[in-house]
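In: Here's my sequence, what's the structure:
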Amino acid sequence: MHILRMEHPVPDFDAWKKTFDVDPVGRQKSGVRRCWVLRPVDDSQYAMIDLEFDTQREAEALLAAVRVAWGRVEGKIIANPKARIVEAVETKVF
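Out: Residues are numbered from 1 along each chain as shown. From the prediction side, this is the model:
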């Protein structure tokens, strides 16, 4: 399992979330299996997103599309976006 982890400040979380929900990059068609939208409890103007994929290739392809989308909205609804692809090494349920 591979996860595309993204994070960035958002001046207006609700406005950012509306744009995210429209899904301008086609997450489901790109192979996303599961999605987490996270926000720090001490910073309501910051968004973190984890997208789960079966393969690294799928994650890399969506990251390329996301970077194009970021170019259209950076400075408007997001700032200083960061992303990395990680591989799950172990998971446990307690």
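In: show me where the chain has helices.
Out: Ranges of helices within the chain are 13-22, 56-73, based on DSSP state H.
In: Format those helices as JSON lines; extra columns: distance to Q28, mean pLDDT and mean neighbour count.
Out: C-betas here are computed from N, CA, C, even on glycine. Formatted as JSON lines, those follow (distance: least, CB to CB, whole Å; pLDDT from 0 to 100; neighbours: other CB atoms under 10 Å):
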{"stretch": "helix 13-22", "distance to Q28": "12", "mean pLDDT": "93", "mean neighbour count": "13"}
{"stretch": "helix 56-73", "distance to Q28": "11", "mean pLDDT": "95", "mean neighbour count": "15"}
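In: For S30, find the nearest of these.
Out: Of all these, helix 56-73 sits nearest to S30, with 4.4 Å by CB to CB.
In: and for that closest one, what are the contacting residues?
Out: Helix 56-73 has contacts (CB atoms under 8 Å, 6 or more residues apart in numbering) with 2-4, 6, 19, 24-27, 30-32, 51, 53, 78, 81, 83, 85, 87.
In: ranges for the strands of the chain?
Out: All strands of the chain, identified by DSSP state E, fall at 2-9, 34-38, 46-53, 82-87.
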